[in-house]
Every structure is written in structure tokens, then in C-alpha cells.
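**Q** make a model of this:
(chains A and B)
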Amino acid sequence: MELPVSQDSTVRASRWLPWHTLAVFAFLYLPIVTLIIYSFNGQGVGGFPPRNFTLDWYRQLFADDAIWTSVFNSLLVAAAAMAISLALGIPAALALDRADFPGKSLFRRLVLLPLILPGIITGLSLLMLFHEAQVRNSLITVILGHGTALISVATTEVFAGLQKLDRAQEEASLDLGANYFQTFWHITLPNLRLSIIGAALLIFTLSMDEIAVSFFLIGRDNTLPLEIWGRLRRGITPEINAISTIIFVFSLIAIVSWYRLGRSTDDKIEIEGAPS
Amino acid sequence: MTFSRAYRTAVSLPPLLWVTAFLLVPYALLFCYSFWSVSPSQIIVHSWTLDNYRELFRVNVYLQTLFRSMWIACRVMIFSLLLGYPLAYYLSFHAGKRKDILYQLVIIPLWVSYLVRAYAWKTILGSDGVLNTLLQYVHLTRHPLEFLLYSPFAVVLTLTHIYTPFVLLPIYASLEHIPRNLVEASHDLGATPKQTFRRVIFPLSIPGVLAGATFAFVLSLGDFLAPLLLGGPSGIMISNIVVSLFGAAYNWPLGAAISLCMLGLVVALLFVSENLEKKWSFR
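**A** Below is the predicted model:
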């Protein structure tokens, strides 16, 4: 009797698969590489080949107060939004994990909805709320908008962390006479540390980049993406390439440190993992 | 383990109140607005009417634009799947030692601002852009190709670029969850690699495909920045109409009616895809 023998645990790759992979990566990185190259181009954006290497656009950028004000605004918004969404997202995850109340499944869907909904709908409905409440648009409304929309991210990440949590430790703490608050502070929170840091980083970055919700809630002070947006409508300048390159470098540093952090404890954070 | 009543209240009440105030009430307001109207002196009139919905079905441009947006979103979804699936498959089954680094390479573009990537495509596709000047530089074309920018093509290209990683991630996750001994078993029982893929691997990855496809479709359907930046008049999407109704055109109630239709469509899609995912998940 003949038995087919498997040589390998994986299926052999067909010949075009590596090429396809290469092509997709080229597609994903083409705009980013172009952007960076042309931030050093003396001739401005466009024109092939790039020539006259220059740092002028960066010099111009560093002298541009409006941009730096908007960067500061964005950092402020991101930090405040992070605080709000963590302050509500962590209890929300705990509630979904351990409490039963009427309307729980509606609550879960509502919290997670902004994650999948086009930003325009979240932005518009909040605009109507503030309009009816006669609150004027400002950075505060933007903070409330980001904070609310990003509770979804905090909840998802922390909920995923709770699933992996060892319950015995909490039980032991309670048995040994600690109250719920002490148990939460000394046992639950430290165990969720990685999920929380992961969520915080993700929320911060998403808020820094957010534009659809901010678009409707912004007052007189611009965030960075809206400042860039305003300039784009007037025409393109290599200054935007320069600021984008700088943001890219910072994002790269953030992602590498996040990865190191996750790697060191072998805790993989799933971006798509909505609890269901 | 049971938690005391106080604990459960303490963790559920604050998020519940917040979500009610900042998500439930606003969505309800969106619903109400769509039945209100705006007076000639540009004041919102809080009396109920179906006029906005009549208007929506009477004036062709709204439905036409909605269908165009769905068609654009559909193309984005298909192209992202075509680009994302084989890459996810390669990463999960064939990348070997390079898996981690390649996975990181997929994630990195996600961290580059959406706006910046759309802008980068604009600088590539414009008539004095990088691509056109390159083509003329190597004497492939004499005149700039005009269809590249300010067209639905540019919108589809840019959105595909933005959503391909989003589509890839859930597919990759579902491929990673496939027990490798199933693949081995299929092999040992004499299936060719093609058969193994078609009858074992692909069916098990369907939940990931559904999640990714829904994501790409829904998010591109509601996009208004890429069309404004790269779409030109022929690339206008439904959200652009909503934005203008909330801005210069000042007709919030009509804008709310259109948004509500969009919201209904999205929620219906999410519902369908969630149910299909349940049907196809074997865990």
C-alpha cells in the first residue's frame, strides 16, 4: 500500500505569491517614500527626477508658528481624549466582563459603533448635540468627540486583556480581606498594564490623526490635521511633506517601542479584535 | 466569581451615562433632525415633516451620488481583498522567519496619517506630478495623463491604499487561527496544495474576509476627504453632499436625512456580515 508522504507542514508557495507580496509592499510604500524624497526637493513637489537637495522646507517649517500651534493643540487634544476614553473605557470593559444589566448588548454595540462607523456620522450627530445644547465649537468639543469615539478602542483592548486575566489572583486578594477598590488598584490594574498602555498609545495616535470628527467640531483653534487640510485646499507646498516626514519618524519610533514592549512580554495586541 | 452590587454599579454606571449622553442622544437627534425643516430665515424648525425624505427621492442627484459612492466603495473593497488576501496568506503560511518583520511592515503605513497619504497620492498623480513627469522623462508619454487625478480612479486608488492593511489584518488573524494540523491532515490524505487551499484554508478564513470586506466598504462609503482632495467633480461622494448641506448650503435636516440613510445602510451591512461570520466560524 502506498501512502502519500507530506514533506512539509506547509503548502508550497506558488511562484507568483512572493512577487505579489513584493508588489503590494511597493504599492503601500510608494507614496510614503515619494513624500519623504520630495520633502528635500529644491524644485518643490512634483517633477521627475527630484533635484537640488535642500533643507529649506524644514527651515521654513520650523519658522511657521501656525503649524506649531496646531501641533500643540493636537497634542493637548490627544492627551485629554486619551484620559477620557481610558477613564470610561476601562470600567466599560469591566462592566461588559463582569456585570449584568438591562440593555447590556445595546450598550456594547453603542460603545463599539464609532470604531466601524464612518467618522462623519459621529461628528455630525455630536455637532447637533452641541448645537442643541448651545455649546460653541472649540477644542473642548473636539476633545469630547475624540474621547467618546475612542472609548471603543480602550474598551476593546482592555476587554481582550481581561479575557487573559488570571481570576485566582483577584479571588485570593478578596479572600485575604482586601476590598474591591484595593483589589482593583493592586491586582486588576497592574495585570492589565500592557493592554492599557497599548490602548493609550493607539488612542493617542488615532486622535493625533483624526480628521472626520474634528472637521465638524472644530472652533477657531486648529488641530494639526485640520491645519494641513486648510493648506492643502489652497495648494500644495513641500512644507507639508516636511511636517509629514517628521510625523512619520515619530510614529515609527512609537511603533517600534510599542512592538518592543509587546514583544518583551509576548502579549500580542489585536487591532481588529472586537469582543463578541 | 461574583462581584458585589456596588462594584458592578461603579463600573457600569459612568460609561453607561456617558455613552447615553454622547452617543445615544446624538444618534437620536440625528433621527429627529431628519424630520425637521429649516425656515427661509435659516432657523431650524422643530416640527415634524417627511419633506426631507421626499426631497431625497425626488432630486436625482442624491440617489445617484449614493449609488456612485457604493460603487466606489465596492471597488475599493474588491481591490483591497485582491491585494490583501494573498499577502495575508503569504505572511501566515510562507513567510517563515521573516513573518514578524513583514507583519510590522504592513502595520507601519497604518501609522502614517490618512490625510498625508491622500496628499502623497495627489503629488504623485497630478498633471505636473511625479508619475506624469516620470512618464514624460522616459518618453513613454508626451502629454500628462489627465485621468489620473480628479477622477473616481484617483479616489479608488487612494482608498484602496488606505484600507488594504485594514483588510489584511483580520484575514491574517483568521489564517493564523487555523490549526496547522488540519492543513497537514489534508496533505496526508492526498489533497493537492490547491485543493487544500480551496477546501480547508479558504473556508476557515471566511470570517476574516467578511470582517475586512465590511470594514473597507463601510469606511470608504462614508469618506469625504479623499473625494474632496482627489475626486474632482466626477468623484463626488455622498458624504461630500452631507458636508456641503451642513456647511454653505445650510440644510441640516436634509443632511441628517441623508446621513440617516447612510447609517441605516451601514448598520444593515454590519448585521448581515456579523450573521454570516457566525455562520462561517467553526469554533
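
**Q** make it CA atoms for all contacts and neighbour counts henceforth
**A** OK.

**Q** hey, which helix or strand in chain A has the poorest pLDDT?
**A** Least confident element among the helices and strands of chain A, by mean pLDDT, DSSP states H and E: helix A:238-265 (a mean of 79).

**Q** go ahead and flag the most central residue of chain A.
**A** A:Leu206 (3.0 Å; C-alpha atoms, centre = their mean).

**Q** do you know how far it is from A:Phe159?
**A** 19 Å (C-alpha to C-alpha, to the nearest Å).

**Q** follow-up on the earlier one: could you see whether chain B lies near the least confident helix or strand of chain A?
**A** Yes: interface with chain B: helix A:238-265 contributes A:Ser244, A:Ile247, A:Phe248, A:Ser251, A:Leu252, A:Ile255 (C-alpha under 8 Å from any C-alpha of the partner chain).

**Q** got a list of what the residue nearest to the fourth one when sequence neighbours are not counted touches?
**A** When the adjacent residues along the chain are set aside, A:Ser251 lies closest to B:Trp111, with 6.1 Å between them (C-alpha to C-alpha, 6 or more residues apart in numbering or on different chains). Shown in contact with B:Trp111 (C-alpha atoms under 8 Å, 6 or more residues apart in numbering or on different chains): A:Thr205, A:Phe248, A:Ser251, A:Leu252.

**Q** quick one: the helices in the chain, in order.
**A** Going with chain A. Remark: helices assigned in chain A by DSSP state H are A:16-38, A:56-62, A:65-98, A:104-116, A:119-132, A:139-163, A:167-175, A:180-183, A:189-191, A:193-209, A:212-217, A:224-234, A:238-265.

**Q** ah, I was thinking of chain B
**A** Counting by DSSP H, the helices of chain B are B:5-19, B:25-33, B:51-58, B:60-93, B:99-107, B:114-125, B:130-137, B:152-176, B:180-188, B:193-196, B:202-221, B:225-226, B:238-246, B:252-280.

**Q** by mean pLDDT, show me the worst of the ones you listed.
**A** Here these differ in mean pLDDT, and the lowest is helix B:130-137 at a mean of 82.

**Q** that helix: which residues count as buried?
**A** Within helix B:130-137, the residues scored as buried using 16 or more other C-alpha atoms under 10 Å in any protein chain shown are B:Val130, B:Leu131, B:Asn132, B:Thr133, B:Leu134, B:Leu135, B:Gln136.

**Q** what does stretch B:179-187 give?
**A** Residues B:Val183, B:Glu184, B:Ser186, B:His187 are the ones in stretch B:179-187 that count as buried (16+ other C-alpha under 10 Å).

**Q** how close does the first one get to chain A?
**A** Same thing as B:Val183. B:Val183 sits 7 Å away from chain A, taking C-alpha to the nearest C-alpha, to the nearest Å as the criterion.

**Q** contact partners for the spatially most central residue of chain B?
**A** With distances taken as C-alpha atoms, centre = their mean, B:Leu219 lies nearest the centre of chain B, 2.4 Å away. The neighbours of B:Leu219, taking C-alpha under 8 Å, 6+ apart as the test, are A:Ile116, A:Leu117, A:Pro118.

**Q** what's around B:Ser239, how many residues?
**A** Other residues near B:Ser239 come to 26 when the count uses other C-alpha atoms under 10 Å in any protein chain shown.

**Q** out of everything not next to it in sequence, what's closest to it?
**A** Counting by C-alpha to C-alpha, 6+ apart, the residue nearest B:Ser239 is B:Phe224, at 5.2 Å.

**Q** phi and psi next, for the one you found.
**A** Backbone torsions of B:Phe224, given as degrees, to the nearest 10, read phi -130, psi -10.

**Q** what about the stretch 51-200 of chain A, any weak spots by pLDDT?
**A** Within the stretch 51-200 of chain A, no stretch has pLDDT under 70.

**Q** around chain B, pick out the residues from it.
**A** Proximity of the stretch 51-200 of chain A to chain B (C-alpha under 8 Å from any C-alpha) is limited to residues A:88-89, A:91-92, A:94-95, A:98-100, A:107, A:110-111, A:116-122, A:124-126, A:128-129, A:148, A:171, A:180.

**Q** out of the contacts of B:Leu219, which is nearest to chain B?
**A** Nearest to chain B among the contacts of B:Leu219, counting by C-alpha to the nearest C-alpha, is A:Pro118 at 5.0 Å.

**Q** re earlier: pretty sure the residue nearest to B:Ser239 contacts B:Val242?
**A** No: using C-alpha atoms under 8 Å as the test, B:Phe224 is too far from B:Val242 to be in contact (9.1 Å).

**Q** report the contact partners of A:Phe130.
**A** Applying C-alpha under 8 Å, 6+ apart, we find A:Phe130 in contact with A:Arg136, A:Asn137, A:Thr141.

**Q** show the buried residues in those residues.
**A** A:Asn137, A:Thr141.

**Q** distance to A:Leu28 for the contacts of A:Phe130 - can I get that in TSV?
**A** What follows is those, written out as TSV (distance: C-alpha to C-alpha, whole Å):
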residue	distance to A:Leu28
A:Arg136	40
A:Asn137	36
A:Thr141	34
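
**Q** which member of the contacts of A:Phe130 is positioned nearest chain B?
**A** Closest to chain B, out of all of these and judged by C-alpha to the nearest C-alpha, is A:Thr141, at 11.0 Å.
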